[in-house]
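Peer 1: sequence and predicted model, in that order:
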Amino acid sequence: MPNKAPLTTRKARPDQWMSGDTGQWEIVIGLEVHAQVLSNAKLFSGASAAYGGEPNSHVSLVDAAFPGMLPVINRHCVEQAIRTGLGLNAGINLFSRFDRKNYFYPDLPQGYQISQFQHPIVGEGAIEVEPDSGADADSRFTVRIERLHLEQDAGKSVHDMDPDSTFVDLNRAGVALMEIVSRPDIRSGEEAAAYVKKLRAILRYLGTCDGNMDEGSMRADVNVSVRPAQSSALGTRCEIKNVNSMRFIVQAVEYEARRQIGILEAGGAIIQETRLFDAKSGVTRSMRSKEEAMDYRYFPDPDLPPLEIDPALIRRIHDSMPELPDAKKKRFMRELGLSAYDADVLTAERERAEYFETVANGRDPKLAANWVSQELFGALNKAGLDLAQSPVTAEKLGGLVDLISGGAISGRIAKDVFAKMLETGEEADAIVMRDGLRQISDSGAIEAMLDTLIAAHPDKVAEVKAKPKLFGWWVGQAMAATEGKANPALVNALLKRKLDIE
């Protein structure tokens, strides 16, 4: 393995410090993100890795640790790990090995977890994180990736079905996980959530993990320690296990940092331990003392030979990589002229970017971006829908943009048409034709309407010449007279000529 980078070098900004009774404190955070590999089968068996199903219905004899059953590596999971490593700008180790991590849990039938210890499949990498859309350079930061290793998941213990019994569901036992371990380069709960959000986006772009945190396919162990703001020494860390939402990550870091500061300022010492986050109360609770590697008695798994990766396989996977969020964002800004904010919003998820590119294909990209990021996303957010549930497909929204840019309808009418598209899922052109909403661009018809309007308000003619700001009143009257169907640019030009104002 390559030489490891220094443990930590980054300092928090003063605005990230946390105030205590004795002074300012800095929070130091590293994350271990467990991402379920997107695969039909488990890591060492052919059982289904699909979410859900009746308890213990996705279990093979290997998963249940029946005597004599031997694990066989899933090649697809190995390729998915390599793809992820490349997406994290990390080195791929041509030699890696599986080890047995020994501990006893009722939902771990083998009595050990097959993982990787000294020889992971992916080495050091790094990703750039921007906490907010269009954030300034000072708030952007780099998180170094220490390693990514493959391991099998455990089953699930169910404690709330019976007051006197615990039930075990082995559907998840043996599901392939990628554990992505960061360096302690994160300095706030907000940064931790931003890092997980960026990591999730990369994995979803790559197609190596679906990132469904509510289903447990992506969760984070958050390691938190604190130190005086001017100190460079690392404090004793506590690990908060299995945090499964961005919001909970922020809350868990905030509570745990304040808990540790309170102990240290009272003259106490932090005990290195594993803790759980209670989402209902917003507090962390002690689970057990923190284990060290020696406690797990790692040793090479005798049933699995080492992995030796052919460099040609890495090249093939590299050549099939999709365009990732950062590269896509830069392209949207460079080639389409989008702002950093719009490009960030549109590339935050692969589905968003693909939807936008369909709408923008052959059309005004800025107009397309406005309708996707503001009108569509705003409406879906209000309705509590995600993009996959949108009744307006990208092709249909592109049709609406065509009507606007072609002058068939005005921007105001377009919003009415869009509202009907959301309600019915109809094509924009069909709604416009049925409801007679096509924009009036006949200069003769508009001139006749303006002549009638001017004749009806001779007093207003003199007023607008004295006060040009009153011109807006005339435009409003003209648009009202045509129920908003008149071409606004044509109305403006003809009115200025008829009223003899610049």
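Peer 2: Structure's in. What do you need?
Peer 1: can you count the residues close to D386?
Peer 2: Other residues near D386 number 10, with proximity taken as other Cβ atoms under 10 Å. No exception for glycine: its C-beta is placed from N, CA and C like everyone else's.
Peer 1: please settle this for me: is V226 part of a helix?
Peer 2: No. Looking at V226 with DSSP: H, G, I helix; E, B strand; the rest coil, it is strand, so not inside a helix.
Peer 1: burial count for it?
Peer 2: By the criterion of other Cβ under 10 Å, V226 has 27 neighbours.
Peer 1: got the domain ranges for the chain?
Peer 2: What automatic domain parsing lists as the domains of the chain is 14-315, 323-435, 443-499.
Peer 1: what about M294, which SS state?
Peer 2: Classified using three-state DSSP, M294 is helix.
Peer 1: count of residues packed around it?
Peer 2: 7.
Peer 1: repeat for L234
Peer 2: L234 has 14 neighbouring residues, counting by other Cβ under 10 Å.
Peer 1: would you turn the domains of the chain into JSON lines with mean pLDDT?
Peer 2: JSON lines is the format used below for those (pLDDT from 0 to 100):
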{"stretch": "domain 14-315", "mean pLDDT": "94"}
{"stretch": "domain 323-435", "mean pLDDT": "95"}
{"stretch": "domain 443-499", "mean pLDDT": "79"}
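Peer 1: and F141, what does it touch?
Peer 2: Taking Cβ atoms under 8 Å, 6 or more residues apart in numbering, we find F141 in contact with 10, 128-129, 185-187, 191.
Peer 1: just to check, V168 is in contact with P106?
Peer 2: Yes. Contact criterion Cβ atoms under 8 Å: V168 and P106 qualify, at 5.6 Å.
Peer 1: tell me the phi and psi of V33?
Peer 2: Note on V33: backbone dihedrals following degrees, to the nearest 10 are phi -100, psi 130.
Peer 1: any idea how far it lies from S57?
Peer 2: From V33 across to S57, the span is 28 Å (Cβ to Cβ, to the nearest Å).
Peer 1: and the next helix or strand past the lengthiest helix in the chain?
Peer 2: Ranked by number of residues, the top helix in the chain under DSSP state H is helix 246-265. Next along the chain after helix 246-265, taking DSSP states H and E as the criterion, comes strand 273-278.
Peer 1: contacts for that next one?
Peer 2: 238-243, 248, 251-252, 255-256, 283-291.
Peer 1: among those, which lie within helices?
Peer 2: Using DSSP H, the contacts of strand 273-278 in helices are 248, 251-252, 255-256.
Peer 1: identify the farthest-apart pair in the residues you listed.
Peer 2: F248 and E256 (11.7 Å; Cβ to Cβ).
Peer 1: before we move on, back to that, can I get the ones in helices among the contacts of strand 273-278 in a markdown table including neighbour count and distance to G362?
Peer 2: Output for those, formatted as a markdown table (neighbours: other Cβ atoms under 10 Å; distance: Cβ to Cβ, whole Å):
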| residue | neighbour count | distance to G362 |
| --- | --- | --- |
| F248 | 22 | 43 |
| Q251 | 20 | 45 |
| A252 | 27 | 47 |
| Y255 | 20 | 51 |
| E256 | 26 | 51 |
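Peer 1: from those residues, pick the one nearest A229.
Peer 2: Closest to A229, out of all of these and judged by Cβ to Cβ, is E256, at 17.5 Å.
Peer 1: looking at V33 and S57, which is more packed in?
Peer 2: Between V33 and S57, counted using other Cβ under 10 Å, V33 has the larger neighbour count: 24 against 13.
Peer 1: I186 is in contact with the more buried one, correct?
Peer 2: No. Counting by Cβ under 8 Å, V33 does not reach I186; the two are 11.8 Å apart.
Peer 1: strands of the stretch 101-250 of the chain, residue ranges please.
Peer 2: 112-115, 125-129, 141-152, 156-162, 165-169, 176-182, 218-228, 238-243 (DSSP state E, counting those that start in this stretch).
Peer 1: how close does D402 get to L199?
Peer 2: Going from D402 to L199 by Cβ to Cβ gives 37 Å.
Peer 1: those two: which is more packed in?
Peer 2: Neighbour count, other Cβ under 10 Å: between D402 and L199, L199 has more, with 26 against 15.
Peer 1: I figured the more buried one hits V33, correct?
Peer 2: Yes. Using Cβ under 8 Å, L199 is in contact with V33, at 6.0 Å.
Peer 1: what is the neighbour count of F117?
Peer 2: F117: 17 neighbours (other Cβ under 10 Å).
Peer 1: list phi and psi for the nearest residue to I202 once chain neighbours are set aside.
Peer 2: Nearest non-adjacent residue to I202, counting by Cβ to Cβ, 6 or more residues apart in numbering: G87, 5.1 Å away. G87 adopts backbone torsions of phi -70, psi -20, taken as degrees, to the nearest 10.
Peer 1: quick check: closest non-adjacent residue to S289.
Peer 2: Going by Cβ to Cβ, 6+ apart, S289 has E273 as its nearest residue, at 5.2 Å.
Peer 1: how much space between the one you found and W371?
Peer 2: Distance from E273 to W371, by Cβ to Cβ: 51 Å.
Peer 1: between those two, point out the one with more neighbours.
Peer 2: Counted by other Cβ under 10 Å, E273 and W371 do not tie: W371 has more neighbours, with 25 against 16.
Peer 1: from the chain's centroid, how far away is stretch 119-128?
Peer 2: Relative to its parent chain, stretch 119-128 has a centroid offset of 20 Å by Cα atoms, centre = their mean, to the nearest Å.
Peer 1: also stretch 295-311?
Peer 2: 32 Å.
Peer 1: what's the first-to-last distance across it?
Peer 2: One end of stretch 295-311 sits 35 Å from the other (Cα to Cα, to the nearest Å).
Peer 1: could you do stretch 61-69 as well?
Peer 2: End-to-end distance (Cα to Cα), stretch 61-69: 7 Å.
Peer 1: buried stuff in that stretch?
Peer 2: 62-64 (16 or more other Cβ atoms under 10 Å).
Peer 1: which other residues reach it?
Peer 2: By Cβ under 8 Å, 6+ apart, the list of residues contacting stretch 61-69 reads 42, 44-45, 47, 60, 70-71, 109-111, 170, 173-174.
Peer 1: most neighbours, which of those residues?
Peer 2: G174 (30 neighbours).
Peer 1: and the furthest pair within the contacts of stretch 61-69?
Peer 2: A47 and G111 (19.2 Å).
Peer 1: quick one: L94 and P306 touch, right?
Peer 2: No. Using Cβ under 8 Å, L94 makes no contact with P306, being 10.3 Å away.
Peer 1: export stretch 264-277 as PDB, just CAs?
Peer 2: Extracted in PDB, the C-alpha atoms of stretch 264-277 (Å, rounded to 0.1, in the frame of the first residue of the first chain):
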ATOM      1  CA  LEU A 264     -13.500  18.500  29.300                       C
ATOM      2  CA  GLU A 265     -14.300  21.900  30.700                       C
ATOM      3  CA  ALA A 266     -15.500  20.200  33.900                       C
ATOM      4  CA  GLY A 267     -12.100  18.600  34.300                       C
ATOM      5  CA  GLY A 268     -13.200  15.100  33.000                       C
ATOM      6  CA  ALA A 269     -11.800  12.900  30.300                       C
ATOM      7  CA  ILE A 270     -13.400  11.600  27.200                       C
ATOM      8  CA  ILE A 271     -13.800   7.800  27.100                       C
ATOM      9  CA  GLN A 272     -13.200   6.300  23.600                       C
ATOM     10  CA  GLU A 273     -16.500   4.500  22.900                       C
ATOM     11  CA  THR A 274     -19.200   3.700  20.400                       C
ATOM     12  CA  ARG A 275     -22.400   5.600  20.800                       C
ATOM     13  CA  LEU A 276     -25.900   5.600  19.200                       C
ATOM     14  CA  PHE A 277     -27.800   8.600  18.100                       C
END
